[in-house]
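**Student:** this one's sequence-less:
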């Protein structure tokens, strides 16, 4: 049978390993993933297209981490429908991610800001907006 001191040592080692793995992941995201985020533009656009149900094209993608929360800036976002009509053009979006996203496994934002919106809205014969 193991002594209580052995359990404490084992628990300490597990906590230490988890700590260093979390620190390594944090540093990897901050200094490797975020500065190179523009290389992942096609994958980001594909995920956004799947979520929105229409084609999404992205311009420049930048990310940085100043303060507690990482931020993301995307320029020239175009949403087009299945008939290749541009539905929405966003010159710039700025998003600041929340730490809660780690625990909820869904994106949550501290700030989501869209600048220079250009919407095309039309009304059909039944007074429905498109």
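**Tutor:** It's in. The structure displayed is predicted, hence computed values, not measured ones.

**Student:** where are the low-confidence patches of the protein?
**Tutor:** Within the chain, the segments meeting pLDDT under 70 span 1-2, 118-119.

**Student:** Just give me the residue right at the centre of it.
**Tutor:** Nearest to the mean C-alpha position of the chain, by Cα atoms, centre = their mean, lies residue 107 at 6.4 Å.

**Student:** How about the contacts made by that one?
**Tutor:** By Cβ atoms under 8 Å, 6 or more residues apart in numbering, the contact list for residue 107 reads 97, 101. Yep, even glycine has a C-beta here, placed from its N, CA and C like the rest.

**Student:** For this structure, just list every one of the strands.
**Tutor:** Assigned by DSSP state E, the strands in the chain fall at 55-57, 61-65, 70-80, 86-97, 109-115, 118-119.

**Student:** how deep is residue 101 tucked in, by neighbour count?
**Tutor:** The number of residues packed around residue 101, counting by other Cβ atoms under 10 Å, is 15.

**Student:** So it is in contact with residue 95, correct?
**Tutor:** No - counting by Cβ atoms under 8 Å, residue 101 stays clear of residue 95, with 10.9 Å between them.

**Student:** about what we covered before: now the strands of the chain in TSV, with distance to residue 29?
**Tutor:** Below are these laid out as TSV (distance: least, Cβ to Cβ, whole Å):
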stretch	distance to residue 29
strand 55-57	23
strand 61-65	8
strand 70-80	8
strand 86-97	11
strand 109-115	17
strand 118-119	33
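
**Student:** Torsion angles phi and psi at residue 69?
**Tutor:** When read as degrees, to the nearest 10, the backbone of residue 69 gives phi -120, psi 140.

**Student:** Nearest spatial neighbour of it, chain-adjacent residues omitted?
**Tutor:** In this structure, residue 69 finds its nearest non-sequential neighbour in residue 96, 5.0 Å apart by Cβ to Cβ, 6 or more residues apart in numbering.
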